Structure formats: structure tokens, C-alpha cells
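Novice: Here is my input; please provide its structure:
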Amino acid sequence: MKTIELLGVGLRLVGVYGIIRSGTYLLTAWASLSSYSAAEYGEGYNGWLLMQGAVSVFVVLASLFLVKFPATAASWLMPRTESPGRELSQAAKDAQFIGLTLLGFFVLTYAAPELIQNIYLWWHAKQIPMMEGLVKPKEYFAEVLYSAIQLCIGFALVIQARGITALLAKLRYGDRCS
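Specialist: Below you'll find the predicted structure:
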């Protein structure tokens, strides 16, 4: 199996996970819908629906793309080489590269929707003065920072997987690694 094929299989699995995750996300949103409608927030209610819908559509579309076109996504992530692909002869380095890339996508599948949700909740907490005693905007801002850091880590793992693999090999083997 070639490196790009192995990465494609992993990306398809990440896509399936994203579809499952978006289903649970929609169920959670549906369950909290009654609390939003009972509180009569007015304008904020429409924004909440828009945010939940936009995040869900984005995650479902991205996941469906990974399920339907994993080889295309894998080719975008693999470094450009002259050969169409190698067999897995350097099993450790390639497996580590693929593992880091998949780990990055895994982190992105939950960090991106979580960041959008936390930004909205932080903004919403600042807008409602009657909730001041119950909701602390600083706590939501901390959640926004936490989600943003997760998103950055996910992007770093996806974009710099080859460099991280080389760094780990250099740290592990020193000058002996080629």
C-alpha cells in the first residue's frame, strides 16, 4: 500500500468520525433548543439557530468530502514529489507522518466547531445584561482561547507533519538519522 493510499484510508475514517460527531452535535443542539426558546432571548435565538446550522452544515460537508474524495485530500496533504508514490518501505517515518496528519485532522474535527460555538457563547454572554450574575464572559473567553489553541495545534499537525517527523527523528537518533 502506498503512502497516499494509507493517508486516504485514514482521512476517510476521519470523515466518518466527523459525520458521527456532527450527528451528536445536532442532537445536543436540538436538546438545548427548548431552553433557548423558554428563555425568550429574542434576537439572540435567531443567531443561535444560524450558528448551529452553519457549523453543522460545514462539518457535514467537510466530512462528506473526506469520505467521498479521500485520495484528493491526501494528495493535497502529501509533499510534492516526482514519483507518483512509494510503497511503504520507510514504514516508521511514513506511518508517523500519516499518524500526525490524521491526529491533526482529528483535533480539527472537534476544535473548529467548538471554537465557533465558544465565540458565539462569549459574544452572547456579553450582550445579555440580565445574565450577568449567572454567566461570566471571562469564562467563555477562556474557552475561546482554549479552542483557538486546539485549532492551532490541529493545523500545525496537519501542515507540519513531515517537519515534526524529521524533528522527532533528529531528537531520537541524533546525527545518525538521514
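Novice: Now do the contacts for the residue sitting nearest the centre point of the chain.
Specialist: Residue closest to the mean C-alpha point of the chain, counted by C-alpha atoms, centre = their mean, is residue 108 at 1.3 Å. Contacts for residue 108 (C-beta atoms under 8 Å, 6 or more residues apart in numbering) come out as 151, 154-155, 158. Placement of C-beta: from N, CA and C, glycine included.
Novice: Show the buried residues in those.
Specialist: Among those, those classed as buried by 16 or more other C-beta atoms under 10 Å are 151, 154, 158.
Novice: so the second one is in which element?
Specialist: Element membership of residue 154 [criterion: DSSP states H and E] is helix 137-159.
Novice: how about the helix or strand following that helix: buried residues?
Specialist: Later in the chain than helix 137-159, the nearest helix or strand by DSSP H and E is helix 161-173. Within helix 161-173, the residues scored as buried using 16+ other C-beta under 10 Å are 161-162, 164-165, 169.
Novice: about what we covered before: give the other helices and strands that the helix holding residue 154 contacts.
Specialist: If contacts are counted by 3 or more C-beta pairs under 8 Å, 6 or more residues apart in numbering; DSSP states H and E, helix 137-159 sits against helix 91-127.
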